[in-house]
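S.K.: Next comes the sequence, and after it the predicted model I'd like to discuss.
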Amino acid sequence: DYVDNPWFPAVLEEERQEDLANLDYADYAWIWEGAYLENSDKQVLANKYVVQSFEDDLWQKADRLLFGADFGFAKDPSTLIRMFILDNNLYIEYEAYGNGVELDDMWKFYAGKTDATPKQLVDWKVTDEAKFPGIPEARKWPIKADNSRPETISHIKGQGFNISAAQKWQGSVEDGITCLRGFKKIIIHPRCKETAKEARLYSYKTDRITGEVLPVIEDKNNHCWDGVRYGLDGYIKHKAQVGAVFF
């Protein structure tokens, strides 16, 4: 595994970068990261995403930035995803991913110390520099979040963010997947390592006896992608077009 090898040779790094650009990401992860080769039939995002670099200013050609946040429960991580839509492609360009992030540290987790208030800067520690790089523009654009935690949304809003609840309805997860698969392509920047990993692992359940893929989405490997879905609030169409609720 190149990640854990401090003496990884330059010639292999060049080969790795070429494979990242040219191979299907599942094949790349199998070769270079020692990941299991997943059954593509059960992958929610099979043949829909690629992991490749793009310019940091490409988002300026889009209409807007989109931010989506999922909140951690117990062992589950908190996430914030920054993305944009251009030419019917979804570009995922930044992620914040952390376990056990304290509520009072969410402003650091989301934005680092950029545009922090004087009071917040007093709470900024030297060790926070590496721990909380933050996501550029996170304080400037609307954030859509998991609506099951209104008290968390309220707290983060008080920390200086334009954050509100995403809509939820019966079948909203499935409708979100339909929206994601409706893009021409989903392009994940290589720095979004957890989003790319989840894209490979996010799966439908399979029958343990027959091996058949079932029309039921597993509730795991989805923390980044839940954030993506929340960020696409308003773009995801409710199939029934009625019954959307807010919490």
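M.R.: Received the coordinates, thanks.
S.K.: Give me the phi and psi for residue 144.
M.R.: When read as degrees, to the nearest 10, the backbone of residue 144 gives phi -100, psi 140.
S.K.: ok, it - how many residues close by?
M.R.: Other residues lying near residue 144 total 23 when counted by other C-beta atoms under 10 Å. Every residue, glycine included, has its C-beta placed from N, CA and C.
S.K.: How about residue 126?
M.R.: By other C-beta under 10 Å, 6 other residues sit near residue 126.
S.K.: Which SSE is immediately downstream of the least confident helix or strand in the chain by mean pLDDT?
M.R.: Using mean pLDDT, DSSP states H and E, helix 25-32 stands out as the lowest-scoring helix or strand of the chain, at a mean of 62. Counting by DSSP states H and E, the element after helix 25-32 in chain order, helix or strand, is strand 49-51.
S.K.: Pop out the phi and psi values for the nearest residue to residue 21 once chain neighbours are set aside.
M.R.: Distances taken as C-beta to C-beta, 6 or more residues apart in numbering place residue 52 nearest to residue 21, at 5.9 Å, with adjacent residues excluded. Residue 52 adopts backbone torsions of phi -160, psi 150, taken as degrees, to the nearest 10.
S.K.: and residue 52, what does it touch?
M.R.: 20-21, 187-190 (C-beta atoms under 8 Å, 6 or more residues apart in numbering).
S.K.: Are any of these buried, and if so which?
M.R.: Buried members of the contacts of residue 52, scored by 16 or more other C-beta atoms under 10 Å, are 20, 187-189.
S.K.: Mind putting the residues you listed into CSV with pLDDT, distance to residue 226 and secondary structure?
M.R.: Output for the buried ones among the contacts of residue 52, formatted as CSV (pLDDT from 0 to 100; distance: C-beta to C-beta, whole Å; DSSP: H, G, I helix; E, B strand; the rest coil):
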residue, pLDDT, distance to residue 226, secondary structure
20, 75, 25, helix
187, 98, 19, strand
188, 98, 15, strand
189, 98, 19, coil
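S.K.: State the pair within these that is farthest apart.
M.R.: Of all pairs drawn from the buried ones among the contacts of residue 52, the one with the longest distance (C-beta to C-beta) is 20 and 187, at 12.7 Å.
S.K.: what sits in contact with each of those two?
M.R.: Common contacts of residue 20 and residue 187 (C-beta under 8 Å, 6+ apart): 51-52.
S.K.: the helices in the protein, which residues?
M.R.: Using DSSP state H, the helices assigned to the chain run over residues 10-22, 25-32, 106-111, 118-123, 128-131, 150-158, 172-181, 193-201, 223-231.
S.K.: Would you mark the buried spots in the longest one?
M.R.: Translated: helix 10-22. Buried residues in helix 10-22, counted by 16+ other C-beta under 10 Å: 16, 20.
S.K.: Perfect, I'm done here.
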